[in-house]
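S.K.: Fold the following, please.
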Amino acid sequence: MISKLRLWLINHKNVVKMSRFSLLTLLLLLISWFFDHQFVELKSFIPDSFLLPLDVSLTFLSNISGVFLTISIFALTTIITVLNKYSSSVTPRMAQDFIDRADVLTLHGIFVGGFFYCVISLFMLQNVEGSQRVISGTLGIIYSIISMIGFVVFSQRILHNLKMSNIIENVSGDCDKLVDEELELRNQARRFDINCVSSSQDILAEKTGYLFDIAFDDLLKIIQQIEGCKAELLISRHIGEYTPEGCVLASLNFFECPAINEELSSELQKKLSACFVINIFKNEKEDYHHEMVKLSEIALMALSPGINDPNTAIICINKLSTLLGKLFSSGTQYIVVREKEESKIVYQNYSVDEELYLLFSQIMACANGDPLVSEAVLEGLYLIYMLSGTEARQPAGQFFEEAFSILMEDFKNDFHRKRLKSIRENMELQLGKVKEQSSEG
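M.R.: Numbers count the residues shown, from 1 in each chain. Prediction:
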């Protein structure tokens, strides 16, 4: 029940963000009702400067309600305009990223809440005597000042996010932080000896959809309940991947464990599968691969015939290469997300081959014989090779050779081919040095 409620909140998070300011509106209305209607005598403890005459409050609230309505419509129109630009010129993935910014839908919710406060306050003040001084107008003024500050922040956010260089820098900056976190977890990860596996059981998906989330704590509790077993759950399916019903989500490996009967095996399958949340939507939560895909898609959009901005694509390729080089400096492609005593939950991330193919294959296909883009791809792959650790260098070098063969087919003129060959010669020189060092060692 709790997981279903959490999933509903995630799927409707945009509506929740806008509507949460209704709680602030209710709080302000409760305060005004408390002082202006229910306990009028308590207003004697409030300084007169914080109270307004009834006619002034009515005039202000009626005017500001129209302002709130107008600006809320303007804010929504601006948000939709920016989303259209992102979808047509950047990448559709960035649309939700823009909406998730704290000061986008938040501001729209502030003005909608302000409109309802003003209208309901006007309705409540109609029964107040004309000689009274009320607090409703004062609260409206305070709310208006806060709203204007929010509008200034919103304007700065819009202007900042309309510049392509700022968009790329924001994505790469967020990704760099996530890569650092991933590297720290990878360097700390230690698995059980895979050669000592006594038995293994595949955990299958119960329905079709996108792997949205994984309840790691629940998985660990279930594994710990297996008596007399040393076990490791290796999650091979990645969050965000399309998952058909019956496909393998994870493998439960047993070490030094007695035989598992069919009844216990069926019970484990049912309990463990329930911890994998399958949804109709992809999970847009931040992880390093999701942010890298954004950079790749920005490059693809820039290379499309409608936009034709290869320089933006080159910037994205350079950012991707630096990030991947840092990521591949680790000797492992997995992290231990939970562990306790003789139980571990291991999440297997993309291998070097998978990561390079997913991020660069479409860019190479869309380069369309652009010499500078092709050169940027090869230089980026060369940089990845140089920054990678020992374990990642071999697959990185193989992918470089494949990319070189593909990109060379787009050029018939020796002038362009010579530029690409020079990058490959540098690569071969480095490969020779690595072989010499390994032979000496």
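S.K.: ok, A205 to Q126 distance?
M.R.: As for A205, its distance to Q126 is 59 Å (criterion: CB to CB, to the nearest Å). Using the backbone N, CA and C atoms, a C-beta is placed for each residue, glycine as well.
S.K.: ok, these two, which is more surrounded?
M.R.: Between A205 and Q126, counted using other CB atoms under 10 Å, A205 has the larger neighbour count: 19 against 7.
S.K.: dump the residue contacts of that one.
M.R.: By CB atoms under 8 Å, 6 or more residues apart in numbering, the contact set of A205 is 211, 237, 243-247, 249, 273, 276, 278.
S.K.: and those, which of them are in strands?
M.R.: Taking DSSP state E, the ones among these that sit in strands are 211, 243, 249, 276, 278.
S.K.: residues touching the spatially closest residue to the fourth one that is not a sequence neighbour, list them.
M.R.: Counting by CB to CB, 6 or more residues apart in numbering, L249 is the residue found nearest to F276 once chain neighbours are left out, at 5.2 Å. Contact analysis of L249 by CB under 8 Å, 6+ apart lists 203-205, 211, 235-237, 243, 273, 276.
S.K.: List just the nearest of the residues you listed to V56.
M.R.: Nearest to V56 among these, counting by CB to CB, is L211 at 58.2 Å.
S.K.: can you pull the contacts of that closest one?
M.R.: Taking CB under 8 Å, 6+ apart as the test, what L211 contacts is 205, 237-241, 243, 249, 276-278, 283.
S.K.: what sits against the residue nearest to it when sequence neighbours are not counted?
M.R.: Residue nearest to L211 in three dimensions, not counting chain neighbours: T243, with 4.9 Å by CB to CB, 6+ apart. Neighbouring residues of T243 by CB under 8 Å, 6+ apart: 205, 208-211, 237, 249, 278.
S.K.: Looking at these, which is nearest M94?
M.R.: M94 lies nearest to Y210 out of those, by CB to CB, at 18.8 Å.
S.K.: Which residue is the nearest non-sequential neighbour of the closest one?
M.R.: Of all residues not flanking Y210 in the chain, K282 sits nearest, at 4.9 Å (CB to CB, 6+ apart).
S.K.: cool, F111 as well?
M.R.: Leaving aside its sequence neighbours, F111 sits nearest to S72 (CB to CB, 6+ apart; 3.8 Å).
S.K.: quick one, phi/psi of that neighbour?
M.R.: The phi/psi pair for S72 (degrees, to the nearest 10) reads phi -60, psi -40.
S.K.: How much space separates it from I384?
M.R.: Going from S72 to I384 by CB to CB gives 47 Å.
S.K.: Who has more neighbours out of these two?
M.R.: Neighbour count, other CB under 10 Å: between S72 and I384, I384 has more, with 28 against 21.
S.K.: That one: what secondary structure?
M.R.: helix (DSSP: H, G, I helix; E, B strand; the rest coil).
S.K.: Can you give me the neighbour number for K418?
M.R.: Close neighbours of K418, defined as other CB under 10 Å, add up to 10.
S.K.: host element of it?
M.R.: Per DSSP states H and E, K418 falls inside helix 414-440.
S.K.: okay, now the closest residue to S236 other than its chain neighbours: neighbour count?
M.R.: Nearest non-adjacent residue to S236, counting by CB to CB, 6+ apart: Q348, 5.1 Å away. Neighbour count of Q348, defined by other CB under 10 Å: 16.
S.K.: Can we start the residue count at 27 from this point?
M.R.: Fine by me, first position is 27 from now on; the one you just mentioned is Q374.
S.K.: about what we covered before: and the buried ones among the contacts of A231, selectable in PyMOL?
M.R.: Filtering these down to the buried ones (16 or more other CB atoms under 10 Å) takes a single PyMOL command:
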select buried, resi 237+263+269+275+299+302+304
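S.K.: What is the neighbour count of L54?
M.R.: By the measure other CB under 10 Å, the count of residues near L54 is 22.
S.K.: Does anything pack onto the helix or strand hosting it? Which helices or strands?
M.R.: Element membership for L54, per DSSP H and E: helix 47-59. Packing partners of helix 47-59 (3 or more CB pairs under 8 Å, 6 or more residues apart in numbering; DSSP states H and E): helix 131-151, helix 162-187.
S.K.: quick one: the longest one to helix 47-59, angle?
M.R.: The reference is to helix 162-187. Orientation of helix 162-187 against helix 47-59 (axes from the mean of the first three to the mean of the last three CA atoms, to 10 degrees) gives an angle of 160 degrees.
S.K.: For helix 162-187, give the mean pLDDT please.
M.R.: Mean pLDDT, helix 162-187: 85.
S.K.: quick check: mean pLDDT across stretch 90-107?
M.R.: Throughout stretch 90-107, pLDDT has a mean value of 86.
S.K.: And the contacts of it?
M.R.: 125, 130-131, 133-134, 137-138, 140-141, 144-145, 148, 166, 170, 173, 177, 180, 184.
S.K.: for stretch 186-196, same thing?
M.R.: 108, 111, 116, 120, 124, 127, 321, 324, 338, 341-342, 345.
S.K.: Recalculate using a threshold of 7 Å.
M.R.: The contact list for stretch 186-196, computed with CB atoms under 7 Å, 6 or more residues apart in numbering, reads 108, 116, 120, 124, 324, 338, 341-342, 345.
S.K.: In the protein, where is pLDDT below threshold?
M.R.: Applying pLDDT under 70 to the chain flags residues 27-40, 128-129, 156, 284-285, 310-312, 457-467.
S.K.: Centroid-wise, who is the farthest residue in this protein?
M.R.: S157 (55.4 Å; CA atoms, centre = their mean).
S.K.: E258: helix or strand, and which one exactly?
M.R.: Element membership for E258, per DSSP H and E: strand 256-261.
S.K.: Run through the neighbouring helices and strands of that strand.
M.R.: helix 242-250, strand 274-281, strand 369-374 (3 or more CB pairs under 7 Å, 6 or more residues apart in numbering; DSSP states H and E).
S.K.: could I get that strand in PDB with only the CA atoms?
M.R.: Output of strand 256-261 as PDB, limited to C-alpha atoms (Å, rounded to 0.1, in the frame of the first residue of the first chain):
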ATOM      1  CA  LYS A 256      25.800 -16.600   2.800                       C
ATOM      2  CA  ALA A 257      24.100 -14.800  -0.100                       C
ATOM      3  CA  GLU A 258      24.600 -12.100  -2.600                       C
ATOM      4  CA  LEU A 259      21.900 -10.600  -4.800                       C
ATOM      5  CA  LEU A 260      23.400  -9.300  -8.100                       C
ATOM      6  CA  ILE A 261      21.000  -6.800  -9.800                       C
END
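S.K.: who does that strand pair up with?
M.R.: The pairing partners recorded for strand 256-261 under DSSP bridges are strand 274-281 (antiparallel), strand 369-374 (parallel).
S.K.: which residues does E271 contact?
M.R.: Counted by CB under 7 Å, 6+ apart, E271 has contacts 231-234.
S.K.: Buried by neighbour count, from those: which ones?
M.R.: Listed as buried from the contacts of E271 are 231-232; burial here means 16+ other CB under 10 Å.
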